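Colleague: quick one, structure for this:
(2 chains)
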Amino acid sequence: MKAVIAAPVFPPEVGNVSVYVKRFAKELCKASFGDVVVLAYANTFEEIDGVKIHCIKKSDPLLIRLFLYTVKLFRLSRGADVIYVYNTFASGLPAVVVGGLRGIPVILRFSEDEVSQRASAPRKNNFFTIRLLSFLQKRILKRARAISADGDFLAEVLFLSYEVPKEKIRIDRNPAPKPETLPFPPEFFPHRILFASTAENEARKEELEELENSLRKKIPDAGIFPLDEANISRAEKWHLLRGAGVILFFSCDVGYSLYACALSSGIPAVIFSSKEQAEKTLTDILENPGTRREAIANGNSILKEEYSWEAYVRNFTDFILHLS
Amino acid sequence: MNIPEENKKEWEKYRTAEFNDVADILLLLGFSADTEQTHTQGERYLMSGRKLVLTGHREHDGKKVIIKISSDPRGIKELEHEHLCRETIKKIDFAYKDILLPEEILFAKTGKFTVVVSAFIEEPVPFLLHSREEQFFLTLRAFEMLEGVHATASSHTKIIRSLWSSWGGAEYLRSFGEFSENIRKAVPRDTALHGAMAEAQKFLLAGSGTIERYSGFLTHGDFVPHNLRIVGHDVYLLDHTSLLFGNKYESAARFLNYLCVYHPELERWISEYIRKNRGEDEYLSLRLMRAYKMGFLLQFYTGSLAQTEGDLHRLAWERISFWKSVLSAILNDEFVPVETVLKYKNKRDSLRSEEEVRRQKKLHQI
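Modeller: Residues are numbered from 1 along each chain as shown, chains lettered A, B, ... in the order given. Reported below is the predicted structural model:
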């Protein structure tokens, strides 16, 4: 089989998309998928054994690089079974054009809503630009054979904002990033509860205080600490995760990337929908070693089934076979 | 009077005259300088640019400030550059994390003087007084802040090109060639040093592709603890004239070269972290940059030989010998032995003037 991965960025460029594109290509190659070709906008790139990487210089003006990318993608996709594109206008547009011309199915990876992100940065884009981008986004999504969304929230965005039929949307969660190795072991606090939230912690402050007070009646040194990912280094995040007794998420605002990290850190990571449920389960995990072991085993199984590269590549390969 | 003494006297004369002249101007602008100014003493006269960096306060509310002032064309240019750096950083809209700089309170030209007044960032606990683990995490936090600014697209270049050129493999190699040439001129008979520099040049040449690959990142050429201010989770960067777009590991290289004297354990931790988590290619990039920065240091100290005498002159030779051994260690992918570092530090401390010891203590906040 042959897959062309059309990406907007590639390492050494920083950011999640860049890291995932490289890892996905590497994992496909490791799984003996067949020919794996990557096309990205980059001035220079990190090499991967067994993967052919092609770049279009980012330093060229926008329209020129868009044209060059499309031409290059057309050439590279000859004989390909699929074009897997990481959604942005710069890679999505050429992918659907080339996919249409060549009759190759295009799977679009939707890991962020670029239009809404641009709309929330008013300095850069005015109202008409956003309208135009929104229109283009709809066209791109319409022409893709399938959309792979990173989570339920983005699936909802696709359905509600871009009118993508539900049967066209697949949910493939980003696999857990590789855990970092630190030069010193974490200090372990068995009764520390890390609270991970994508929303402002202030909003939940009162609820968490109540939960902490109730827990302390049974476990005097139990404490809930917010995990503010934005203000710490990656190394510190792994250090904190590994040193905690439990990592707590509320079902309405789970950051799945952090959840995947929590699962791979070997600490019970639990999602709750109510304070009462949280209190009962937390007490059980903190007090009972058996429940704790069970929670870790459960986490490992979720990690393997939903957040591992093996599962991600297997689902991808099965889907390509299903398409053909 | 010989040249070194003349240089020192000249700096002292400049410092006194400038300090007397600026007092009234500062008052007119609503600021005043503190009476004791350790940053202008000791070995400061060997550093670049004729400008005074003073601590002071704002008259109406007593707010602590840093005042930079100069009437010298080179000093003025540095201050203007710093002002522009600050303005440009604000315009960068492709950063993953905010770059925190102390607020600029005033930029003014009055008479022959250019004055920059910025907020003094109070640091509850200085970097070196944090626990080893905290120092490790703070350092990585600061690295990630800089690495989050990667100028790759033409729209990025448009923002930064008026102020910074972006350094890649060729620029670093050319610059290292200049260091070697200057060292050759300063110490023509030190063949061992020339040999070490030639070896380093070969290393850089072989790794120029790796240097190029990790270029285009915002870096800080003088990334050391005294150019950082830690307030809670925020890491502020000082000395904006040292900001540039270049290799991702230039800041880290400067920092690790500093750590090998002040905190060898942290140096090992960070090196190990980069190697294990970011891969061999990025680790090579770090070593290449460390060798490059070593070349800069060796050039600086060989250049200072002609401007120094007595203990300071002997100290310059000690430094050259020490950094040469660190350079060899880097080229062999080793760490310089702790005993070598201790021996060097003892020798250095015995040769430093009391004035310089005070300046260093203030600088490192210890």
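Colleague: contacts only, for A:Asp60.
Modeller: Counting by Cβ atoms under 8 Å, 6 or more residues apart in numbering or on different chains, A:Asp60 touches A:Leu68, B:Ser154. Glycine gets a C-beta too; all of them are placed from N, C-alpha and C.
Colleague: which SS class is it?
Modeller: Following DSSP: H, G, I helix; E, B strand; the rest coil, A:Asp60 is assigned to coil.
Colleague: beta-bridge partners for the nearest residue to A:Ala95 once chain neighbours are set aside, please?
Modeller: Nearest non-adjacent residue to A:Ala95, counting by Cβ to Cβ, 6 or more residues apart in numbering or on different chains: A:Val85, 3.8 Å away. Per DSSP bridges, the residues bridged to A:Val85 are A:Ala6, A:Leu108.
Colleague: so how many other residues sit close to A:Val85?
Modeller: Neighbour count of A:Val85, defined by other Cβ atoms under 10 Å in any protein chain shown: 29.
Colleague: return the distance of the closest residue in space to B:Glu199 that isn't next to it in sequence relative to chain A.
Modeller: Of all residues not flanking B:Glu199 in the chain, B:Leu331 sits nearest, at 5.8 Å (Cβ to Cβ, 6+ apart). Distance of B:Leu331 to chain A, given as Cβ to the nearest Cβ, to the nearest Å: 23 Å.
Colleague: also B:Lys64?
Modeller: Counting by Cβ to the nearest Cβ, the gap from B:Lys64 to chain A is 25 Å.
Colleague: check what pLDDT the residue nearest to that residue when sequence neighbours are not counted gets.
Modeller: Nearest in space to B:Lys64, with sequence neighbours left out and distances taken as Cβ to Cβ, 6+ apart, is B:Phe120 at 3.8 Å. pLDDT, B:Phe120: 93.
Colleague: and B:Phe120, how far is that from chain A?
Modeller: Distance from B:Phe120 to chain A, counting by Cβ to the nearest Cβ: 23 Å.
Colleague: just checking, that residue touches B:Val65?
Modeller: Yes - between B:Phe120 and B:Val65 there is a contact under Cβ atoms under 8 Å: 5.4 Å.
Colleague: what about stretch B:342-358, start to end distance?
Modeller: 20 Å (Cα to Cα, to the nearest Å).
Colleague: now that stretch: mean pLDDT?
Modeller: Taken as a whole, stretch B:342-358 has a mean pLDDT of 86.
Colleague: show me which residues of that stretch are buried.
Modeller: By 16 or more other Cβ atoms under 10 Å in any protein chain shown, the buried positions in stretch B:342-358 come out as B:Tyr344, B:Lys347, B:Leu351, B:Arg352, B:Glu356.
Colleague: which ones are touching the first one?
Modeller: Just to be clear, that refers to B:Tyr344. Counting by Cβ under 8 Å, 6+ apart, B:Tyr344 touches B:Val261, B:Glu318, B:Phe322.
Colleague: out of those residues, who's the most crowded?
Modeller: Within the contacts of B:Tyr344, B:Phe322 tops the neighbour count with 22 neighbours, counted by other Cβ under 10 Å.
Colleague: list the residues that contact that residue.
Modeller: Counting by Cβ under 8 Å, 6+ apart, the residues that B:Phe322 touches are B:Thr340, B:Tyr344.
Colleague: helix or strand with the lowest mean pLDDT in chain A?
Modeller: Counting by mean pLDDT, DSSP states H and E, chain A has its least confident helix or strand at helix A:114-119, which shows a mean of 82.
Colleague: elements contacting the next helix or strand after it?
Modeller: The helix or strand immediately downstream of helix A:114-119 is helix A:127-143, counting by DSSP states H and E. Judged by 3 or more Cβ pairs under 8 Å, 6 or more residues apart in numbering or on different chains; DSSP states H and E, the packing partners of helix A:127-143 are helix A:89-102, strand A:106-110, helix A:114-119, helix A:152-162.
Colleague: all strands of the chain, in order?
Modeller: Just going to use chain A. Along chain A, the segments classed as strands by DSSP state E run A:2-7, A:35-41, A:52-56, A:82-86, A:106-110, A:146-149, A:169-171, A:192-196, A:223-227, A:246-250, A:269-272.
Colleague: should've been chain B
Modeller: B:31-33, B:52-58, B:64-70, B:104-110, B:113-119, B:217-220, B:228-231, B:234-237, B:243-246.
Colleague: where does the stretch 51-200 of chain A have low pLDDT?
Modeller: For the stretch 51-200 of chain A, the stretches with pLDDT under 70 are A:122-125, A:198-200.
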